[in-house]
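In: Curious how this folds, go ahead:
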Amino acid sequence: MLPRHYRVVAVACLVLAGGAVSHAQENPPAGEWIAPEAIAVLEISQPKALLDAALDSTISQAVKASPAYRDWISQPDFQQLFAAVDFFEASLDTDWRTGLGKLLGGGVTLAICPDETALMLVDSEDEKMLSQMHEMTLGIARGQAAKRGEPERVASGDHRGVQAWTFAKNEAHAILGNRLVIANNPEALKAVIDLRDAGAKRSLASLASYQAAGQAVGEGAAARLFVNLDAVKRHLPFEKALAENTNLGAAFLFGGMAEAARGSSWMAMGLRVDQGRLALEVVLDGGTPEAASPLAFAVPATEGEGALPVLTVPRRIAGLSLYRDLYAFYAAKDELFPERTSGLIFFENMMGIFFTGRELTEEVLAETHPEIRVVVAGQQYDPEIGTPAVQLPAFAAVFRLRDAAKFSGVVEEAWQKAVGLINFTRGQEALPGLIIDRPVHADVKFTTAYFAPPEEEGGRDIHQRFNFRPSLAVVDDSLILSSTEGLTIDLIDALKAEKDRAAQSMGGTHSVLAVDAPRLAALLRANQEGLISGNMIKKGQTRQQAENELQVLLTLLETLPEARLEMGTRGGHPQATLELGGR
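Out: Model prediction:
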């Protein structure tokens, strides 16, 4: 038998199993009992696989061992729940995990419908156990209602020959064969029974969009989510929220997906579990932006074009690879965010200074290819200089130039002007400035700027300016703009190795993000004193509370595998896939 604190999860599912039992029957798919007007439907077809993945993972074991979790489950309310689960286990002669697997093993379907209606359909593998649960929960509900002086709260009625029960004002349920149906109001439950008797001619399962969504995520998914975007747009301020996408960063990263959602009638998600690997796929039925659309800057021009592989460097925390046409993006600014155009005048004037009067769109951004990559990595500090009190990660952007021989000098001049502006500003405040140097690595001569070392070499908790050593390098046609010299050197090596491998772009994929959670945890742990102090001040926590909260976060991150998100198109439809582990 598993530890008692896991059993809390079972209580809600076990208690909800109370209802009247109908005669045994073979029920059709749950979608045939849900109205076609449903806004969103989640179908968990493999609940045991998801339960095993959640309970047997290193993540759950690590969280269970944390002091914060032990404090949480020691509270009196949880002890009462443990006692309740002990009672159910003894009464049903099973452990909670086996019992829960039998009760939910046939599948669980959740539906959100118009008029704030919600449904849950649970298919049990053991109809007899479901019947036993009915008798037990009914007795408990009657006892509790009598104690409160409200015996009428527990009531039953008949609808089309089905006995239905209610234990509370906003709850009604019935059992039909091995299927438990729960609704948040009696009328919704009656509607399900009516639909069951009417057959599948007018149900969710009969919708062409629902069928297409199922085909899009394919067979074998442990769970599927169908969202009727047409219904969402009618009942929620969804269209307005998408239309108000005026943030430049969001438009750059997600503009195409927002447009696809605006033009889609449905969205489908599928979750797969395979030997510790989780994969969540999202598919929209809308098409990709046309070539004339202002959002075409994120769409590969041909089938073979797409984002380049994410760059791999030592101590990498995150890597991002994008296919984004900077020239097309900025040229369409008046259409993408017209209300912000005037605010960009200052930015364009500054760029004109850095790039010696060159026009930003036609003479600067036009010199870049659409492939852009960003890397974030942990730092190794020079022991002779010391370690900053606040340790920040190094970060860099890598662009591809159309004519590196011609344009690299232009970028070098702009970069040195930016360093000069920083030095001038810091000089006005009597702060140390940056010193420019030209080192060589792997036959690549690059430019870096650094602060003079502190007087006391090798110290700890030195100023955080020593997190930065901004650098610029050109490797073949790739331009590196980095916050540190160390990351620049690593990227020079990575780009040379990539050239030797002849790395190809990922056709049809326009965005890739990879995150190494344990390395992110290591960075947070290095700065934990500052994070704890910050929580104590901002949230008014005691030190112990702040430490516990941070420890839970660190434990989760340290046990998570690498996460990878890919976005692109498949069969002409926008799609995204999130993977945990497996790479």
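In: ok, residues contacting stretch 359-374?
Out: Surrounding stretch 359-374, the residues in contact under the criterion CB atoms under 8 Å, 6 or more residues apart in numbering are 297, 300, 305, 307-308, 310-311, 318-327, 329-331, 348, 351-352, 355, 358, 395-403, 407, 410, 477, 505. Bear in mind the C-beta positions are built from the backbone N, C-alpha and C, glycine included.
In: who's in contact with stretch 335-354?
Out: Outside stretch 335-354, the residues that touch it by CB under 8 Å, 6+ apart are 246, 248, 251, 255, 294-295, 329, 333-334, 358-360, 364, 414, 417-418.
In: what is the mean pLDDT for it?
Out: Average pLDDT, stretch 335-354: 82.
In: Which members of the contacts of stretch 335-354 are the farthest-apart pair?
Out: Greatest spatial distance in those: L295 and K417, 32.8 Å, computed using CB to CB.
In: List the buried residues in stretch 120-137.
Out: In terms of neighbour count (16 or more other CB atoms under 10 Å), stretch 120-137 has its buried residues at 120-124, 126-127, 129-134, 136-137.
In: what's the spacing between the closest residue in space to V310 that isn't next to it in sequence and V282?
Out: Using CB to CB, 6 or more residues apart in numbering and skipping the chain neighbours, the partner closest in space to V310 is G319 (3.7 Å). Between G319 and V282 the distance, using CB to CB, to the nearest Å, works out to 21 Å.
In: any idea where the strands of the stretch 401-550 of the chain begin and end?
Out: Here the stretch 401-550 of the chain has its strands, by DSSP state E, counting those that start in this stretch, at 434-437, 440-441, 444-445, 447-451, 459-462, 471-475, 478-482, 506-507, 509-515.
In: just the stretch 101-250 of the chain next, same as before
Out: In the stretch 101-250 of the chain, the segments counted as strands under DSSP E, counting those that start in this stretch are 107-113, 117-123, 155-159, 162-168, 171-176, 179-183, 223-228.
In: the domain parsing of this structure - what is it?
Out: Using automatic domain parsing, the domain parsing of the chain gives 4-42+73-199, 309-504, 517-560.
In: Just the endpoints, please. Distance across the last one?
Out: Across domain 517-560, the terminal residues are separated by 6 Å (CA to CA, to the nearest Å).
In: burial measure for Q215, as a count.
Out: When neighbours are defined as other CB atoms under 10 Å, Q215 has 10 of them.
In: Need phi/psi at A452.
Out: In terms of degrees, to the nearest 10, the main-chain angles of A452 are phi -60, psi 140.
In: what about it, distance to R224?
Out: From A452 across to R224, the span is 60 Å (CB to CB).
In: what does G304 give?
Out: Per CB to CB, G304 is found 31 Å from R224.
In: These two: which is more packed in?
Out: Using other CB under 10 Å as the criterion, G304 and R224 rank with R224 on top: 21 against 11.
In: My guess is the more buried one contacts G31. True?
Out: No - here R224 lies out of contact with G31, judged by CB atoms under 8 Å, at a distance of 10.3 Å.
In: Report the buried residues of stretch 431-448.
Out: Using 16+ other CB under 10 Å as the test for burial, stretch 431-448 gives L434, V444, F446, T447, T448.
In: quick revisit: which stretch in the strands of the stretch 401-550 of the chain is the model least sure about?
Out: Note on the strands of the stretch 401-550 of the chain: lowest mean pLDDT is at strand 459-462, with a mean of 82.
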